[in-house]
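[1] Have a look; sequence and predicted model below, questions after that.
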Amino acid sequence: MLIDPRWRLLVVIGFCGSFTTFSSFAFETMAYFEQGQWGLMVVNILQQYLLCLGAALAGMSLGRVL
């Protein structure tokens, strides 16, 4: 076996989790687009990106402290 089963499980769960999260984001954004709800679409995009960047920054800061 090329990869330890524990690592394989971690990678598969991480990949599937990120894929479904991105799919939900894309679906919701396109639903707002199709319904002509431009304001909600823009808010959805901005909040997703800002929260993502904020979480990445928090993780990097925590990593430096530890």
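    Happy to help now that I have it. Residues are numbered from 1 along each chain as shown.

[2] Can you list the helices and strands that the lengthiest helix in the chain packs against?
    When the chain is parsed with DSSP state H, its longest helix is helix 5-34. Helix 5-34 sits against helix 38-65, with contacts defined as 3 or more Cβ pairs under 8 Å, 6 or more residues apart in numbering; DSSP states H and E. (C-beta placed from N, C-alpha, C; glycine too.)

[3] quick one: buried residues of the helix it packs on?
    By 16 or more other Cβ atoms under 10 Å, the buried positions in helix 38-65 come out as 41, 44, 48.

[4] Include pLDDT and distance to residue 16 when you put those into TSV, please.
    As requested, the buried residues of helix 38-65 are arranged in TSV below (pLDDT from 0 to 100; distance: Cβ to Cβ, whole Å):
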residue	pLDDT	distance to residue 16
41	97	26
44	95	22
48	92	19
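
[5] which residues does the residue nearest to residue 40 when sequence neighbours are not counted contact?
    Among residues not flanking residue 40 along the chain, residue 32 sits closest, at 4.6 Å (Cβ to Cβ, 6 or more residues apart in numbering). Residues counted as contacts of residue 32 (Cβ atoms under 8 Å, 6 or more residues apart in numbering) are 38, 40-41, 44.
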